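J.: Sharing a sequence plus its predicted fold:
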Amino acid sequence: MAPMERSTDSAALEALAAEYWETYLETHPMFATTIGDVRYDDRLADPTPEGSAAMATRFEALLARADDINEIVCNPADRITLSALREGLIADVAELRTGLLAWNVDPLDGIPSDFLSLPAYQRLELPEDGGRMVGRWRAMAEYTDRHTTTLLRSLVDGRVACRTPTMRTVSILETILDRPSAEWPLLDPLRCDALGAWPTAERERFAADLTRAVDEDIRPAFARLHDALVTEILPAARGEESPGMCAVPGGPDGYRNLIRMHTSLDIEAAELHSIGLGEIARIDDEIAELAGRALGTGTLAEALQALRGDPALYFTTRDEVYAKAASSLARASEAAPAWFGRLPLAACEILPMAEHEEHHAGAALYRQPAIDHSRPGQFVLNTSSPETKPRYELEALTYHEAIPGHHLQIALSQEQHGLPLFRRHLGPTAYFEGWGLYAERLAGEMGLYTGDLDRIGQLSFDAWRAARLVVDTGLHALGWPRRHAIEFMLAHTALAPDNVVDEVDRYIVLPGQALAYKTGQLELLRLRDEARATMGDAFDIRAFHDTVLGGGALPLPTLGTVVADWASRSLAPA
């Protein structure tokens, strides 16, 4: 192929990659805010089926153009970008075509939780930032009303949410509606230190406009959503016997789309279910053996009972939770240079989770740094009800969310300035969460766990993610009732009963997402074993990690090609 043709394809790919990134930001304005791009801070996406269809059509047009680019004539770097671009577009279309947004009621990432979290990361430094914030706050009411209307429309064809997450959402709405607006997180920006530097007139106008948006627009819209959930959705909601997508019209096809989206693999639910059962059997034996040494127990059931039943193994104060996380992060930061050739410049800070999140969220979450370095990476830690949080789980949790887990991977990816922007910030769930779970196990190799109980916590977390393969497919493909899923997780992990219930309810509202963790971890471990077998004594763990992390969050098949090429090149004569 002539050089001119090769150059033409590369130029077309570069332009398409840039257009995809801009389209993604425009159609996902809250994501743009999380990475510090302020251009869309005054708007929200369209939550209606028509809005989703329009977005899908835009991504399908980009995918058709990607298919027209000849990967055979692209150079090796372009082939990786083209593969990642195509998979990203396939995943975007799959998500939008599931129809999940039309009937799902999500207390974790839906209304009002998503909106109430926005003040924690939306920029507010200059008066123009305030103008964008007021615009977005006003848009929240229209978004909420459109969501409410869509839920009611979906009832007509039998698509309706599950009762338990709907009740959780009702509880969140009632809690916020019972409070005066001045106490809402949406008015926290009025107490921002940056406002002190604004001209008095600008500050007063912003305060009046933001307060009016909450009082006159958002509060009534939240009340309308609450009333619709209570009077229309809850009476028709699916019960605990049929919480999965397989009980919703069109759900089985939608679930297959979500499997592809989250894993980046063409794999059936039955195979994932089987892999999960195999992993559970292996980890059960490891937990029983280690607990026998540490706790003097004989069986897995005895070990789990001992872990859950001893109050001394649980925290007593919020400060204790925070302190153990901080010390774990400090140890990991010190050890990282021996295991990674390149580390991110962005810092990682630990923040206690906000009150409106902590009673309905999981143990922690991670927020990526702003791309302009105005905000570091944030390990947001749930310190509520410390007496329910096992001490032995917190080290694994920290290594997953911060270092060597999400912060190291995501912040480092953002700093890969030679990559197209979409590769620096986007990618399949299996890569992100697979790395997080891989990091929990890697922390053991790095010598970061401080005792046998903490190592049991890591094994329990590994079993937890293996159980996700079983439970997520059980709920959404095999028709498991909610109680069956809870009982399975109680029997195979040391998670506290309350946490197990929260987890199962999370899988109900986020179908397929839970499959990504084990899928990605197992592929990373397989690739490492293959590279070591290929390279022998030439294998270097730091170089392997730099290879895995140096290309952004890649689809698993593409990542396999990258690692195999690296191993082959490393053995080639200079």
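T.: It's in. Numbering: from 1, shown residues only.
J.: All the helices of the stretch 201-350 of the chain, in order from the start?
T.: 219-228, 234-236, 251-263, 269-295, 300-309, 318-335 (DSSP state H, counting those that start in this stretch).
J.: neighbouring contacts of the first one?
T.: Applying CB atoms under 8 Å, 6 or more residues apart in numbering, the external contacts of helix 219-228 come out as 111-112, 140-142, 144-145, 147-148, 151-152, 170, 173-174, 176-177, 181. C-beta: built from backbone N, CA, C; applies to glycine.
J.: What subset of the residues you listed is buried?
T.: 111-112, 140-141, 144-145, 147-148, 151, 170, 173, 176, 181 (16 or more other CB atoms under 10 Å).
J.: Can you list which of the residues you listed are found in helices?
T.: In this view, those that belong to helices under DSSP state H are 140-141, 144-145, 147-148, 151, 170, 173, 176.
J.: can I get these in JSON lines with pLDDT and distance to residue 443?
T.: Written out in JSON lines, the entries for those read as follows (pLDDT from 0 to 100; distance: CB to CB, whole Å):
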{"residue": "140", "pLDDT": "98", "distance to residue 443": "40"}
{"residue": "141", "pLDDT": "98", "distance to residue 443": "45"}
{"residue": "144", "pLDDT": "98", "distance to residue 443": "41"}
{"residue": "145", "pLDDT": "98", "distance to residue 443": "46"}
{"residue": "147", "pLDDT": "98", "distance to residue 443": "40"}
{"residue": "148", "pLDDT": "98", "distance to residue 443": "44"}
{"residue": "151", "pLDDT": "98", "distance to residue 443": "42"}
{"residue": "170", "pLDDT": "97", "distance to residue 443": "39"}
{"residue": "173", "pLDDT": "97", "distance to residue 443": "39"}
{"residue": "176", "pLDDT": "96", "distance to residue 443": "38"}
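J.: Any chance of TSV for the residues you listed, columns distance to residue 296?
T.: Output for these, formatted as TSV (distance: CB to CB, whole Å):
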residue	distance to residue 296
140	55
141	59
144	54
145	59
147	53
148	55
151	52
170	45
173	48
176	48
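J.: Which single one of those residues is nearest to residue 212?
T.: Comparing these against residue 212 with CB to CB places residue 141 closest, at 11.3 Å.
J.: Hmm, residue 217 and that closest one touching each other?
T.: Yes: using CB atoms under 8 Å as the test, residue 141 is close enough to residue 217 to be in contact (3.8 Å).
J.: what sits against residue 326?
T.: Applying CB under 8 Å, 6+ apart to residue 326 gives the contacts residue 350.
J.: any idea of the pLDDT on it?
T.: pLDDT for residue 326: 97.
J.: In this structure residue 408 contacts residue 345, no?
T.: No: here residue 408 does not reach residue 345: they are 11.6 Å apart, not a contact under CB under 8 Å.
J.: of those two, who's got more company?
T.: Taking other CB atoms under 10 Å, residue 408 and residue 345 do not tie; residue 408 has more neighbours (28 against 10).
J.: gap between that one and residue 75?
T.: Distance of residue 408 to residue 75, computed by CB to CB, to the nearest Å: 29 Å.
J.: quick one: residue 465 and residue 436, what's the gap?
T.: Taking CB to CB, one finds residue 465 at 9 Å from residue 436.
J.: In terms of residue numbering, what are the domains of this protein?
T.: Per the record, the chain has its domains at 3-257, 258-521, by automatic domain parsing.
J.: Just the terminal-to-terminal distance for the last one.
T.: End-to-end distance of domain 258-521: 18 Å, with CA to CA, to the nearest Å as the criterion.
J.: Output stretch 318-330 in CSV, but only the C-alpha positions, please.
T.: Extracted C-alpha coordinates of stretch 318-330, given in CSV (Å, rounded to 0.1, in the frame of the first residue of the first chain):
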residue,chain,number,x,y,z
ARG,A,318,-15.3,7.1,62.0
ASP,A,319,-11.8,8.4,62.7
GLU,A,320,-10.5,4.8,63.0
VAL,A,321,-11.9,4.0,59.5
TYR,A,322,-10.2,7.0,58.1
ALA,A,323,-6.9,6.5,59.9
LYS,A,324,-6.5,2.9,58.7
ALA,A,325,-7.2,3.9,55.1
ALA,A,326,-4.7,6.8,55.3
SER,A,327,-1.9,4.5,56.7
SER,A,328,-2.6,1.9,54.0
LEU,A,329,-2.4,4.5,51.3
ALA,A,330,0.8,5.8,52.7
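J.: Name the residues of it that come out as buried.
T.: Under the neighbour-count criterion of 16+ other CB under 10 Å, stretch 318-330 has 318, 320-322, 324-325, 328-329 buried.
J.: now swap in stretch 337-348 and tell me
T.: Across stretch 337-348, burial judged by 16+ other CB under 10 Å covers 339-340, 343-344, 346, 348.
J.: What number of residues are in the vicinity of residue 235?
T.: 10.
J.: so what's it scoring on pLDDT?
T.: Per-residue pLDDT puts residue 235 at 97.
J.: Quick check: closest non-adjacent residue to residue 35.
T.: residue 371 (5.1 Å; CB to CB, 6 or more residues apart in numbering).
J.: was I right about that neighbour contacting residue 33?
T.: No: between residue 371 and residue 33 there is no contact, the gap being 11.4 Å when judged by CB under 8 Å.
J.: Quick check on residue 243: phi, psi?
T.: When read as degrees, to the nearest 10, the backbone of residue 243 gives phi -90, psi -10.
J.: For it, give its distance to residue 429.
T.: 21 Å.
J.: Identify the residues contacting residue 321.
T.: Per CB under 8 Å, 6+ apart, neighbours of residue 321: 315, 381, 383, 386, 389, 394.
J.: Residue 351 sits in which helix or strand?
T.: strand 348-352 (DSSP states H and E).
J.: Next SSE downstream of that strand?
T.: Following strand 348-352 in sequence order, the next helix or strand is helix 355-358 (DSSP H and E).
J.: about what we covered before: now do the strand holding residue 351 and helix 318-335, the angle between them.
T.: 170 degrees (axes from the mean of the first three to the mean of the last three CA atoms, to 10 degrees).
J.: follow-up on the earlier one: ok, the buried ones among the contacts of helix 219-228 vs residue 229, which is closest?
T.: Checking those one by one against residue 229 (CB to CB), the nearest turns out to be residue 170, at 5.2 Å.
J.: Quick check: nearest residue in space to that closest one, chain neighbours excluded?
T.: Nearest non-adjacent residue to residue 170, counting by CB to CB, 6+ apart: residue 229, 5.2 Å away.
J.: Give me the residue ranges of this protein where confidence is low.
T.: Residues of the chain meeting the criterion pLDDT under 70: 1-7, 360, 572-574.
J.: re the thing from before, more neighbours: residue 243 and residue 429, which one.
T.: Set residue 243 next to residue 429 and count neighbours by other CB under 10 Å: residue 243 wins out with 29 against 23.
J.: Name the nearest residue to that one, ignoring sequence neighbours.
T.: residue 162 (4.4 Å).
J.: Test of understanding: give the bridge partners of that neighbour.
T.: residue 238 (DSSP bridges).
J.: check contacts around it.
T.: By CB under 8 Å, 6+ apart, the neighbours of residue 162 are 105, 237-240, 243, 482, 508-509.
J.: do you know how far the closest residue to residue 195 other than its chain neighbours is from residue 550?
T.: In space, and not counting its chain neighbours, residue 195 is closest to residue 203: 5.3 Å by CB to CB, 6+ apart. When CB to CB is applied, the distance between residue 203 and residue 550 equals 45 Å.
J.: what does residue 394 give?
T.: Separation of residue 394 from residue 550 (CB to CB) stands at 30 Å.
J.: Neighbour count for the two, which is higher?
T.: In terms of neighbours (other CB under 10 Å), residue 394 is the more surrounded of residue 394 and residue 550; the figures are 24 against 17.
J.: so the more buried one touches residue 323, yeah?
T.: No: if you go by CB under 8 Å, residue 394 and residue 323 don't touch, sitting 9.8 Å apart.
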